[in-house]
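Asker: Give me a 3D structure for the following:
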Amino acid sequence: MAIGLFGLFLVCLSIQVAVWLRIYRRPADITDVPLSNPKISVIIAAKNEAHQIKECIERVLDQDYPDFELIVVDDHSTDETLDVLHQMSAVDPRISVLSHDGKPGKKKALAKAIEAATGIWIATIDADCVPISKYWLISMIRSHQHADTIVGYGPYAAERGLLNKLIRYEAWLICRQYMGMLRLNKTYMGVGRNLLYKKEAYHRVGGYATHEHLLSGDDDLLIRDMVQEGMTVYAQYAPESWTVSVPKHSWAEYYQQKSRHVSTAISYERSVQWILAMISFSLIGLYVALGCNMLTAFGASCLGMLWLRSLIMWHLSRDMLREHLHRDVWAWIPLLDFILAVFYISLSFTLFIKPKEW
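Answerer: The predicted structure is shown next:
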């Protein structure tokens, strides 16, 4: 029995170390100089965002890019969102405001805006999100001569508290995961709060037609369809390309957000599902096996090997120390890693629950 538990620990540990070495390595920044500056249509889908959308719009309009438009589509807001949008569009002609009058839903709202877009490229950002610099668009478009889609990183704003550190750590980890999987030719997702793709590519896959019935997936399932059509996806990690979002402020809100995201995973390509399941369950199994081994003669050895894994994690994430949004998270990685394993256990039950709102 003790040998079996120790063996389980070693298997889970080996998988986790391999994942960190192969997948979670820092992505390369795209530094190509664009051959041209094609027109970009920046699209925001907003629902009850009157208290925060103004900052998002102002930061988008401040972009140092020669040719772009901003389309904001209101999806049945019940607050003053539409009034704020009309006031801002009256001042700046680059802003177009649409009202989605059909069946509520983010995908339908986005689809309406995309149809109205006049740009060659579509850039999506969320209403509670702001570009970290005025070079967001130029940084994201740098590889447009080679790609159909460019996935970026959308970290969360730094605030006090353990929950905020966990949210920022997991967002960082997920980014490393989907960019690392892209490097291994297993592209499966991006984040809609920082995504750039050709309008022609969107139409080539029929837009959201294959997953319109799902509440989520306007970003990752769209990328899935593009990859299945043989389109090229690039990743841009350069800090000037980041867009920063407002984090959740309670565990209940965060749990609801993550459960909505998990519900999309069952629509990924089967091989991707297996890899993601292996990553998650090996993390859970690592700590379960550690706890069991603490009652055996192998306990000290397991703790020592877990510490060595922590050193590897610290080493591979040392770039955090140069990034102000992550700097305070770095020292907490071992604890956040454990909390994430516990969180994933509870989150696994949401696979059987249908999300109710976007």
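Asker: can we go C-alpha only for contacts and neighbour counts from here?
Answerer: Will do.
Asker: roughly how far apart are the closest residue in space to residue 316 that isn't next to it in sequence and residue 339?
Answerer: Take residue 316 and drop its neighbours on the chain: the residue closest to it by Cα to Cα, 6 or more residues apart in numbering is residue 25, 6.3 Å away. To residue 339, residue 25 is 21 Å away according to Cα to Cα, to the nearest Å.
Asker: residues contacting residue 8?
Answerer: Residues in contact with residue 8 (Cα atoms under 8 Å, 6 or more residues apart in numbering) are 285, 286, 289.
Asker: Equivalent analysis for residue 331, please.
Answerer: Residues in contact with residue 331 (Cα under 8 Å, 6+ apart) are residue 314.
Asker: For it, grab phi and psi.
Answerer: phi -70, psi -20 (degrees, to the nearest 10).
Asker: same for the longest helix along the chain, what does it pack against?
Answerer: Counting by DSSP state H, the longest helix found in the chain is helix 270-293. In terms of contacts (3 or more Cα pairs under 8 Å, 6 or more residues apart in numbering; DSSP states H and E), helix 270-293 is packed against helix 2-22, helix 299-316, helix 333-347.
Asker: if we go to 6 Å?
Answerer: helix 2-22 (3 or more Cα pairs under 6 Å, 6 or more residues apart in numbering; DSSP states H and E).
Asker: For the helix it packs on, which residues meet the burial criterion?
Answerer: 5, 6, 8, 9, 10, 12, 13, 15, 16, 17, 19, 20 (16 or more other Cα atoms under 10 Å).
Asker: ditto for stretch 190-206
Answerer: Within stretch 190-206, the residues that count as buried by 16+ other Cα under 10 Å are 190-199, 201-202, 205.
Asker: which ones among the residues you listed are found in strands?
Answerer: Counted as lying in strands by DSSP state E, out of the buried residues of stretch 190-206, are 195, 196, 197, 198.
Asker: The last one pairs with what?
Answerer: Judged by DSSP bridges, the bridge partners of residue 198 are residue 121.
Asker: Okay, strands next: where are they in the stretch 51-200 of the chain?
Answerer: Secondary structure of the stretch 51-200 of the chain (DSSP state E, counting those that start in this stretch): strands at 68-74, 95-99, 121-124, 129-131, 149-151, 195-198.
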